[in-house]
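Participant: no sequence on hand, only this structure:
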């Protein structure tokens, strides 16, 4: 491939001699000439050559300055520069030449073969430099293209996240509304039961309706906590137990002679599948203790009903105990026909749990103690 060579020299004879030398290699070089540094810079701007033969000593602008200006113009591709000098340069001039950006020197009068050899050498370097620049440009273009794609992907992801966030907010509002309505409906049922109990005089029926009302409340409290805390997967069981105790204290008109205590970590969470059956169990056990553990003639100075919920490896342990009169010797809770205790047994099976009833072992006290052990995680509550 023919290479374009620009010769820059203020001496016309030198220009003609070098032109003839280059043209003696047919088809190898195409020659252009400039008789000043300023003219050379103008020609390079319009049509950059493949290489330059540049005289150092010129009146208007020497070769060092021309070379420096070429290297400062970053929009111009790399052009190899060979300085032409009429005499051997001293070390200071050689250093200045290389600092200005030249690639090689050749001394006048120019030898034909030396000229071709030096030109071919810098042209090989230019070819490698141009190839490297092409690869760099290709890589930069790929980086730009990929950056644009990434920006588009990021924008699409942002839009998708925004839609998901909006959808999540809508679902949260919907779930809040569902739990709120369930809680309100359960409260309506509780109110209906209370109104019904006011119209009957049979003590057994009144007690049965009151028990039903307490069970409904225990379920309503779960839904109330769910929509108040915005956590629809788990229930804070410490808060739930506190609320349930307050409700039962009011329902059974408990005075200072009986204390309700709890030992549950403030951050204890129970998943929703377990919370409702566990809440019903707790309601039954506390209600039974309030009704039967402290009969008037045997009530102690201070009756205590305590609830504990502790973690143990892969299980939770619920313990409800009192310091009341304890179980009569002939009573077997596992075989009882009582609706409340039957419900406790059924709900424990729902939790894949086990239940134990016994009197407290402390020789100084009587009392009933119920221990229920159930798995921490339960994907789906077993049906009744």
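Facilitator: On my side now, so go ahead. Quantities reported herein were computed from a predicted structural model and do not represent experimental measurements. Numbers count the residues shown, from 1 in each chain.

Participant: how far does the helix or strand hosting residue 4 sit from its chain's centre?
Facilitator: Secondary structure from DSSP states H and E places residue 4 in strand 3-8. How far strand 3-8 lies from its chain's middle: 61 Å, per CA atoms, centre = their mean, to the nearest Å.

Participant: show me what counts as buried in that strand.
Facilitator: 3, 5, 6, 7, 8 (16 or more other CB atoms under 10 Å). Quick note: C-beta positions are derived from backbone N, CA and C, even for glycine.

Participant: which of those lies closest to residue 129?
Facilitator: Nearest to residue 129 among the buried residues of strand 3-8: residue 3, at 14.2 Å, using CB to CB.

Participant: quick one, strands of this structure?
Facilitator: With strands called from DSSP state E, the chain shows them at 3-8, 29-34, 51-55, 81-85, 104-107, 234-236, 258-264, 269-271, 303-312, 315-322, 354-359, 368-375.

Participant: can you give me the helices for the stretch 201-350 of the chain?
Facilitator: Using DSSP state H, counting those that start in this stretch, the helices assigned to the stretch 201-350 of the chain run over residues 203-229, 237-251, 272-288, 339-350.

Participant: pretty sure residue 209 contacts residue 197?
Facilitator: Yes - at 4.2 Å, residue 209 and residue 197 qualify as touching, with contact defined as CB atoms under 8 Å.

Participant: just name the most buried of the strands of the chain.
Facilitator: Among those, the stretch with the highest mean neighbour count (mean count of other CB atoms under 10 Å) is strand 51-55, at a mean of 27.

Participant: partner strands of that strand, parallel or antiparallel?
Facilitator: strand 3-8 (parallel), strand 81-85 (parallel) (DSSP bridges).

Participant: avg pLDDT for it?
Facilitator: Averaged across strand 51-55, pLDDT comes to 94.

Participant: stretch 308-322 now?
Facilitator: The pLDDT scores in stretch 308-322 average 93.

Participant: start to end distance for it?
Facilitator: One end of stretch 308-322 to the other measures 12 Å (CA to CA, to the nearest Å).

Participant: just the buried residues of the helix or strand of the chain with the lowest mean pLDDT, please?
Facilitator: Here the helix or strand of the chain ranked lowest by mean pLDDT, DSSP states H and E is helix 203-229, holding a mean of 79. Buried residues in helix 203-229, counting neighbours by 16+ other CB under 10 Å, are found at 209-227.

Participant: now do stretch 120-132
Facilitator: Buried, per 16+ other CB under 10 Å, within stretch 120-132: 122, 123, 126.

Participant: if I look at the first one, how far off is residue 88?
Facilitator: For residue 122, the distance to residue 88 under the criterion CB to CB, to the nearest Å works out to 20 Å.

Participant: circling back: TSV please, covering the strands paired with strand 51-55 and showing mean pLDDT and distance to residue 235.
Facilitator: As requested, the strands paired with strand 51-55 are arranged in TSV below (pLDDT from 0 to 100; distance: least, CB to CB, whole Å):
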stretch	mean pLDDT	distance to residue 235
strand 3-8	94	84
strand 81-85	91	82
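
Participant: how about the helices in the stretch 51-200 of the chain?
Facilitator: 63-72, 91-100, 112-198.

Participant: out of these, nearest to residue 43?
Facilitator: helix 63-72 (11.3 Å).

Participant: nearest the geometric middle of the chain, what residue?
Facilitator: The residue lying closest to the centre of the chain (CA atoms, centre = their mean) is residue 161, at 11.9 Å.

Participant: contact partners for it?
Facilitator: Residue 161 makes contact with no residue under the criterion CB atoms under 8 Å, 6 or more residues apart in numbering.

Participant: ok, now how distant is it from residue 170?
Facilitator: Residue 161 is 15 Å from residue 170, by CB to CB.

Participant: one more: residue 338?
Facilitator: Residue 338 is 46 Å from residue 170, where distance means CB to CB.

Participant: what's the answer for residue 366, then?
Facilitator: Relative to residue 170, and taking CB to CB, residue 366 is found at 56 Å.

Participant: between these two, which one's more packed in?
Facilitator: Using other CB atoms under 10 Å as the criterion, residue 366 and residue 170 rank with residue 366 on top: 17 against 10.

Participant: hang on, the earlier thing: dump the helices of the stretch 51-200 of the chain to TSV, plus distance to residue 262.
Facilitator: Conversion of the helices of the stretch 51-200 of the chain to TSV gives the following (distance: least, CB to CB, whole Å):
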stretch	distance to residue 262
helix 63-72	82
helix 91-100	86
helix 112-198	22
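
Participant: nearest to residue 274, of those helices?
Facilitator: helix 112-198 (16.6 Å).

Participant: between helix 272-288 and the closest one, find me the angle.
Facilitator: 30 degrees (axes from the mean of the first three to the mean of the last three CA atoms, to 10 degrees).

Participant: tell me which of the helices of the stretch 51-200 of the chain is the most buried.
Facilitator: Of the helices of the stretch 51-200 of the chain, helix 63-72 is the most buried (mean count of other CB under 10 Å), at a mean of 19.

Participant: report the distance from that helix to the chain centre.
Facilitator: So, by CA atoms, centre = their mean, the centroid of helix 63-72 is 54 Å from its chain's centroid.

Participant: same question for stretch 51-61.
Facilitator: Offset of stretch 51-61 from its chain centre (CA atoms, centre = their mean): 63 Å.

Participant: and the contacts of it?
Facilitator: By CB under 8 Å, 6+ apart, stretch 51-61 touches 3-11, 14, 18, 36-38, 40, 44, 62-64, 66-67, 70, 79-86, 89, 93, 97, 102, 106, 119, 122-123, 126.

Participant: start to end distance for that stretch?
Facilitator: Start-to-end, stretch 51-61 (CA to CA) is 19 Å.

Participant: could you give the mean pLDDT of stretch 236-246?
Facilitator: On average, stretch 236-246 scores 90.
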